[in-house]
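S.K.: just the structure for this:
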Amino acid sequence: MAAALTVGVLVRPAAARAQIGQDEFAQRRAALAARMGDGVFLAIGGEEPAEDYLIFNQRSPFLYLAGFNEPSAALVIVKRGGAVTRTILFVQPKDPSRETWTGTRVGVAGVQPLTGMEGRPSSAMRATVDSVLGEIATGTFYVAADQSPQHGFQSGEGQLIQALRAAHAGIQMGDGGDLIDHLRGHKSAVELELLRKSAEITAIAQREAMKLIEPEMNEFEVQALIEYTFRRNGADRPSFSTIVGSGPNSTTLHYSADDRFMRAGDLVVMDIGSSYRGYSADVTRTVPVSGTFTADQRALYQVVRDAQAAGERQARPGTRARVMSDSASAVLAAGLTRLGLIESPDATYDCREEGGRQCRQLSLYYFHALGHGIGLDVHDPDQYYETGVLAPGSAFTIEPGVYVRGNLLDIIPQTPRNRVMVEKIRAAVMRFADTGIRIEDDYLITDAGLEWISRAPREIAEVEAMMRETFAGPAPRDSVKVNWYRRGPGARD
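M.R.: Below you'll find the model as predicted:
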């Protein structure tokens, strides 16, 4: 069994009213400008959906700087002589005929009172940027926009940027996305509160799902309860496609069809996350459909849980993030060796039919990173991506997993060396075939140390105890904590 792990958790008041104020958005823009050279910065928000009955979600880089959650908007910052001379938010103008269909717009006149920035109509953005680039003549044009080709065609934004660049040959191009990612890697106090709330809601959904699950239930029934629980407790939406994968589906990392009937004896992986005021949680639990782990499931589950605990023990301010991954991998490798799934902790195999390249046997079952940053995006930048070191303001996951696919022995390159390995591990692979286990939690680094914020049951005894509880309908909503929130950070309540 895993040794008990104490993770420092501060007692805090409910974060339901936490909201990022316009002063923080202004500070973010100032921090970005300080990293810019002279020139023009352009961040383009999400486009109006092709049909007005489709859901609009704002692009996170734009949202991070502007705090504005309407479509077809853009932010321009002009810096000359080392100082910001203009900050303009381009928005759709008021239009009662369209607002009848899509909702009230802030409009150009509403920009300054709401955000403190100069407001201009979206239709004027291209001409304005063109004019400013012409005036500065030299400098850097920083762009945070979608410029990638899709289906063989360059996006409209890509065409716009290309045309502006061609018209101003003396201007250097800069990656505005990198500038924003650097800032997003450190989470403010308010961002941490929003992440705590998002993780809390996600943990509630995990507990509800555990009580609901039983044999012959369909995965989509669990998905429906999870997403209902998100909204019932004030979340905007799921932060990514809800994953409820049972039996063989548990071995597919991003399985999201959620349409299989769960069988007695299956495990089911639930990788889920709420988005609360735009901030994304990401929490995975693996539970037995019958309510009790078999002996083999218990043994493999404990290997994964021990690996997660090893990663947690290394997660401290000032520690290199790589140490978390190395520690978790060492525990996984030792555990899989004991179970006969690999020959030894450091054993390798031929990755290619022609031989030559060697890969760790561990990678046959564990082929993703230990974790990632969380924030406005479920895979968000974190400061340790740049520095390699955990520090206050970091927000991230730890999520080891083991996936024994039913066809594993058929897809390993058939080299002489591999054939010898296969015969050694065959019995164990057949024993654990179609078994996937992932345990994922969300963490913050504060001045007080590591804080575990996704407190859903995860020890074997805790999971089985929760699944013995009778599901009697959705848990009561805590009306004090819930703040119905429709439009995201920076929008008007």
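S.K.: may I see the buried residues of the lengthiest helix in the chain?
M.R.: The residue-count maximum for a helix in the chain (DSSP state H) belongs to helix 189-212. Neighbour counts over helix 189-212 (16 or more other Cβ atoms under 10 Å) mark 190-212 as buried. C-betas here are computed from N, CA, C, even on glycine.
S.K.: let me see the contact set for Gly265.
M.R.: 288-290, 294 (Cβ atoms under 8 Å, 6 or more residues apart in numbering).
S.K.: correct me if wrong, but it is in a strand.
M.R.: No: counting by DSSP: H, G, I helix; E, B strand; the rest coil, Gly265 is not found in a strand; it is coil.
S.K.: was I right about Ala369 contacting Ser325?
M.R.: Yes: counting by Cβ atoms under 8 Å, Ser325 is a contact partner of Ala369 at 7.0 Å.
S.K.: which one's more surrounded, the two?
M.R.: Counted by other Cβ atoms under 10 Å, Ala369 and Ser325 do not tie: Ser325 has more neighbours, with 18 against 10.
S.K.: in which helix or strand does that one reside?
M.R.: helix 321-338 (DSSP states H and E).
S.K.: helices and strands around the helix or strand that that helix is followed by, which ones?
M.R.: With elements assigned by DSSP H and E, the helix or strand that comes after helix 321-338 is strand 348-350. Packing partners of strand 348-350 (3 or more Cβ pairs under 8 Å, 6 or more residues apart in numbering; DSSP states H and E): strand 358-360, helix 416-432.
S.K.: so what touches strand 348-350?
M.R.: 356-361, 364, 412-413, 415, 417-418, 421.
S.K.: can you redo those residues as TSV with pLDDT, neighbour count and distance to Pro96?
M.R.: TSV is the format used below for the contacts of strand 348-350 (pLDDT from 0 to 100; neighbours: other Cβ atoms under 10 Å; distance: Cβ to Cβ, whole Å):
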residue	pLDDT	neighbour count	distance to Pro96
Gly356	80	9	68
Arg357	91	11	64
Gln358	95	13	67
Cys359	97	14	62
Arg360	98	16	63
Gln361	98	22	65
Leu364	98	23	61
Ile412	96	20	64
Pro413	95	16	65
Thr415	95	17	70
Arg417	95	13	73
Asn418	97	17	69
Met421	98	20	70
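S.K.: out of these, who's nearest Tyr443?
M.R.: Arg360 (25.9 Å; Cβ to Cβ).
S.K.: what's the closest non-adjacent residue to the closest one?
M.R.: Among residues not flanking Arg360 along the chain, Thr348 sits closest, at 5.8 Å (Cβ to Cβ, 6 or more residues apart in numbering).
S.K.: tally of neighbours for the one you found?
M.R.: Thr348: 17 neighbours (other Cβ under 10 Å).
S.K.: that one and Gly356, how far apart?
M.R.: According to Cβ to Cβ, to the nearest Å, Thr348 stands 12 Å off from Gly356.
S.K.: following element in sequence after the lengthiest strand in the chain, please.
M.R.: Longest strand in the chain by number of residues (criterion: DSSP state E): strand 83-91. Per DSSP H and E, the first helix or strand lying C-terminal to strand 83-91 is helix 96-102.
S.K.: I'd like the average pLDDT over that following helix.
M.R.: Averaging pLDDT along helix 96-102 gives 94.
S.K.: what's the answer for stretch 224-236, then?
M.R.: 97.
S.K.: CA-only coordinates of it in CSV, if you can.
M.R.: Presented in CSV, the C-alpha positions along stretch 224-236 are these (Å, rounded to 0.1, in the frame of the first residue of the first chain):
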residue,chain,number,x,y,z
ALA,A,224,-24.8,13.1,-18.4
LEU,A,225,-24.7,13.1,-14.6
ILE,A,226,-21.1,14.5,-14.6
GLU,A,227,-22.0,17.4,-16.9
TYR,A,228,-25.2,18.0,-15.1
THR,A,229,-23.3,18.2,-11.8
PHE,A,230,-20.9,20.7,-13.4
ARG,A,231,-23.7,23.1,-14.4
ARG,A,232,-25.7,22.5,-11.2
ASN,A,233,-22.8,23.7,-9.2
GLY,A,234,-22.1,26.8,-11.2
ALA,A,235,-19.5,25.7,-13.9
ASP,A,236,-19.7,27.2,-17.3
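S.K.: and that stretch, what's buried?
M.R.: 225-227, 229-230, 232-236.
S.K.: from these, which is closest to Gln172?
M.R.: Asp236 (38.0 Å).
S.K.: the most centrally placed residue in the chain: which element?
M.R.: Closest residue to the average C-alpha location of the chain: Val378 at 1.3 Å, with Cα atoms, centre = their mean. Assigned by DSSP H and E, Val378 belongs to no helix or strand.
S.K.: what's the closest non-adjacent residue to it?
M.R.: Distances taken as Cβ to Cβ, 6+ apart place Ser280 nearest to Val378, at 4.2 Å, with adjacent residues excluded.
S.K.: that neighbour: neighbour count?
M.R.: By other Cβ under 10 Å, neighbour count at Ser280 equals 29.
S.K.: gap between it and Gln383?
M.R.: 17 Å.
S.K.: strands along the stretch 251-400 of the chain, start to end?
M.R.: In the stretch 251-400 of the chain, the strands defined using DSSP state E, counting those that start in this stretch lie at 267-272, 274-276, 279-280, 283-288, 348-350, 358-360, 395-398.
S.K.: returning to what we had before: and the contacts of Gly265, which are buried?
M.R.: Counted by 16+ other Cβ under 10 Å, those give 288-290 as buried.
S.K.: can you add pLDDT and distance to Gln92 and give these back as JSON lines?
M.R.: Shown next, in JSON lines, are the buried ones among the contacts of Gly265 (pLDDT from 0 to 100; distance: Cβ to Cβ, whole Å):
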{"residue": "Pro288", "pLDDT": "98", "distance to Gln92": "51"}
{"residue": "Val289", "pLDDT": "98", "distance to Gln92": "49"}
{"residue": "Ser290", "pLDDT": "98", "distance to Gln92": "54"}
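S.K.: dump those to JSON lines, plus distance to Thr140.
M.R.: Formatted as JSON lines, the buried ones among the contacts of Gly265 follow (distance: Cβ to Cβ, whole Å):
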{"residue": "Pro288", "distance to Thr140": "56"}
{"residue": "Val289", "distance to Thr140": "56"}
{"residue": "Ser290", "distance to Thr140": "61"}
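S.K.: show me what contacts the closest residue in space to Leu376 that isn't next to it in sequence?
M.R.: Once flanking residues are discounted, Leu376 sits nearest to Ser60: 4.0 Å by Cβ to Cβ, 6+ apart. Neighbouring residues of Ser60 by Cβ under 8 Å, 6+ apart: 278, 376-377, 380.
S.K.: among these, who's most crowded?
M.R.: Neighbour max across those (other Cβ under 10 Å) = Gly278, 28 neighbours.
S.K.: what's the spacing between that residue and Arg455?
M.R.: Relative to Arg455, and taking Cβ to Cβ, Gly278 is found at 22 Å.
S.K.: could you do Val132 as well?
M.R.: 50 Å.
S.K.: also Leu75?
M.R.: For Leu75, the distance to Arg455 - Cβ to Cβ - is 37 Å.
S.K.: so for those two, which sits in the more crowded spot?
M.R.: Leu75 (25 against 17).
S.K.: what angle sits between the helix or strand harbouring that one and strand 83-91?
M.R.: Leu75 is part of strand 74-80, with elements assigned from DSSP H and E. If you take axes from the mean of the first three to the mean of the last three Cα atoms, to 10 degrees, strand 74-80 sits at 170 degrees to strand 83-91.
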